[in-house]
Structures are given as structure tokens and as C-alpha cells.
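*Asks:* I'll drop the sequence and a predicted model, then ask my questions.
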Amino acid sequence: MIVLKRRFWLLALIVFMAGLYFYQPAKGKEFREMDVTYGEEPRQKLDVYAPNDGGSKLHPVIVYVHGGGWMRGDKSNVGAKPAFFTNKGYVFVSVNYRLSPKATYDEMANDVSTAVKWVYEHAEQYHIDTSKINLMGHSAGGHLVTLIGTNPKYLMQAGLSLGMVNSVVNLDGPINLVEYIPKNERYKKVFGQDRQVWAEASPVSYASGQHLPPTMLIGPKRKATASFVKLANISGNKTRTFETHTLTHREITKLLGAASEGSPVASLKEAQNMTIAVEEFLNTYNIEN
């Protein structure tokens, strides 16, 4: 009985501490503008969440790209991230993009790049600091933001440069499709059968490029992550990782910025640590000390 009581109070303490961090009182309900068009295609829309501070200063921006296996998903699948990050002083932009089979992965990456260009061109309207444009994505979205953050052709096609990206956060998105697709053959519907195409679509193929944005990779321990970090660091690029142990693929995005009291104790603690790590990474390149 005594042991059970101790476990109960330990769980209650962890939930309470997580609540203090994740559920901070809002500094002011964020400004929202939904379904903004950034292109001519029906899927080329985005949602803008901004700090409601009267536009007294410029803010860094996070351009977020949803997951869904390159075949589904929606910009509304953001969980508590908009509220969390706007409360920290970031503008948060969630992007839709064309999906397979109507679009190739190249077209998806071009859509994301076009959305980044839209953010850049409308920065004044939303009080965005154009020197602090950050990319974040989960799963397929993590792959896409890391691809355009390593292969300069996508941003160049949008009239931008890789140097305009301040940082990239990949939330458990694949970075080596040559290793990934044979284990997940359903994605041959997206990338086809050609291993050369898989390599061209893999961010790890460009990790040794010069002057890449600082990149954070989040997920379980994988060879691909270690390879990316090694190649990037040898070339003088900055990387950071957060290795997950208890969080599922879905929980990595679901619990970022908002731990759920219904989650196991271990997941609550790891979600809190992950959120702190992501915030610290972003603040390193966006918040002046």
C-alpha cells in the first residue's frame, strides 16, 4: 500500500510539473488567419498563427509541414504547437501541399519552397523577421523540410536561397530513403522502384553540402541519423539530435509542446525533455541573449 501511494504521488508530481511547463497561461490569444492561398492549386494553402502583441516587434517564424506518408494529412494537424510557439514569441505557419498520387515528391518539395517564399514576401504583414525563417516537419513533412534544407535546387526554383533558412527541425522524418523504402514498400507508390530516385530524394545525400542550416533530428536511434550527422559535421555544418526511447512516431508530434495527462509517465517525461530540447535549439538561432 505504501509503495502504491508513493507511485501515485510520483505520477501526480510529474503531471503537475509537466503542466507548469506545457500549460503556461497565454500571454494573449494568438492571432489566426486560416486557409491563406499561396498558389493556384487547391492544396496550396496555409494557416498563420502569430503572437497577439500588437506588432510591437519582429518575430522569428516556424514554417511547419505535416506528415501523412506523402499521401494524406492536413495543415490542421498541429496539436498544441501553434499556441506553444506563439507564446514563446514565434509566428507559426502550417502548410498544406499537394499529395501523391496527384503530385510527385519533387512537386511537394516545390510546394513547401513556394510557401516559404510566400512567408518571406508577406513578412511585413505578419511582423516576421526574414532573417529568422525556420522549417519544421513531422514524418513525411520532416523529410520534405530537410530535403529543401539540404538540396538548394528547391529554394532556388522559388527564387530563394538556402542561406535564407535559419534552421531545420525534423520530427522523425526519413532522411535516407534507400534504407527506408525497402522496409516500408507501400511508399514505392510515391517514389517508384528506382533506387537512384530514392537516393536523389534522400536528404542524407546532400548532408555534406557547404553552409547548410543548423539541423535538429528527432527520433529513435538510426544509422541514417548517425550518417547525416557525421557527413554534416565533417563539412562544418551544425547538427543536434534528440534520441527518443518511449515516444511513438505519432507521439513525437502530438506531445511536442503539450504533454497529455493520459500518456504513460515515461512518455510525459520524454515529451517534456524533447520540447525543452527543441525550444533550446530554436532559441539558439532566433532569440537574442
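*Replies:* Yep, that arrived.
*Asks:* Mind telling me what element Y64 is part of?
*Replies:* strand 59-65 (DSSP states H and E).
*Asks:* what's downstream of that strand, the next helix or strand?
*Replies:* Following strand 59-65 toward the C-terminus (DSSP H and E): helix 81-87.
*Asks:* for that next one, the distance to its chain's centre please.
*Replies:* Centroid displacement of helix 81-87 relative to its chain, using CA atoms, centre = their mean, to the nearest Å, is 13 Å.
*Asks:* buried set for the helix or strand following that helix?
*Replies:* Remark: after helix 81-87, the chain's next helix or strand is strand 91-95, criterion DSSP H and E. For strand 91-95, a neighbour-count test (16 or more other CB atoms under 10 Å) marks 91-95 as buried. C-betas here are computed from N, CA, C, even on glycine.
*Asks:* Mind checking what secondary structure D129 has?
*Replies:* On the three-state scheme (DSSP: H, G, I helix; E, B strand; the rest coil), D129 is labelled strand.
*Asks:* which one is it nearest to, not counting chain neighbours?
*Replies:* Nearest in space to D129, with sequence neighbours left out and distances taken as CB to CB, 6 or more residues apart in numbering, is L58 at 4.0 Å.
*Asks:* What lies in contact with stretch 220-231?
*Replies:* Stretch 220-231 is contacted by residues 172, 174-176, 179-180, 203-204, 207-208, 215, 217, 219, 239, 241, 243-245 when judged by CB atoms under 8 Å, 6 or more residues apart in numbering.
*Asks:* Can you list the buried residues in it?
*Replies:* Here stretch 220-231 shows 222, 224-225, 228-229, 231 as buried, counting by 16+ other CB under 10 Å.
*Asks:* what is T239 paired to in the beta sheet?
*Replies:* T215 (DSSP bridges).
*Asks:* Verify the contact between it and T215 for me.
*Replies:* Yes. Judged on CB atoms under 8 Å, T239 makes contact with T215 at a distance of 5.2 Å.
*Asks:* So if I had to pick from those two, which one is more boxed in?
*Replies:* More neighbours surround T215 than the other of T239 and T215, with 27 against 18 (other CB atoms under 10 Å).
*Asks:* What is the host helix or strand of D35 packed up against?
*Replies:* Here D35 sits within strand 31-37, counting by DSSP H and E. Contact here means 3 or more CB pairs under 8 Å, 6 or more residues apart in numbering; DSSP states H and E; on that basis strand 31-37 packs against strand 45-50.
*Asks:* Tell me the gap between the strand it packs on and the middle of its chain.
*Replies:* Computed by CA atoms, centre = their mean, the chain-centroid distance of strand 45-50 equals 15 Å.
*Asks:* Direction included, what does it pair up with?
*Replies:* strand 31-37 (antiparallel), strand 91-95 (antiparallel).
*Asks:* Make TSV from those and add mean pLDDT and distance to L255 to it.
*Replies:* Shown next, in TSV, are the strands paired with strand 45-50 (pLDDT from 0 to 100; distance: least, CB to CB, whole Å):
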stretch	mean pLDDT	distance to L255
strand 31-37	96	22
strand 91-95	98	17
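*Asks:* For the spatially most central residue of the chain, pull up the helix or strand it's in.
*Replies:* Nearest residue to the geometric centre of the chain (CA atoms, centre = their mean): M136, 2.2 Å. Applying DSSP H and E as the criterion places M136 in strand 128-138.
*Asks:* ok and that strand relative to strand 91-95, angle-wise?
*Replies:* Comparing the axes of strand 128-138 and strand 91-95 via axes from the mean of the first three to the mean of the last three CA atoms, to 10 degrees yields an angle of 50 degrees.
*Asks:* Let me know the average pLDDT across the helix or strand that strand 128-138 is followed by.
*Replies:* Of the helices and strands lying after strand 128-138 in sequence (DSSP H and E), the nearest is helix 140-148. Averaged over helix 140-148, pLDDT sits at 98.
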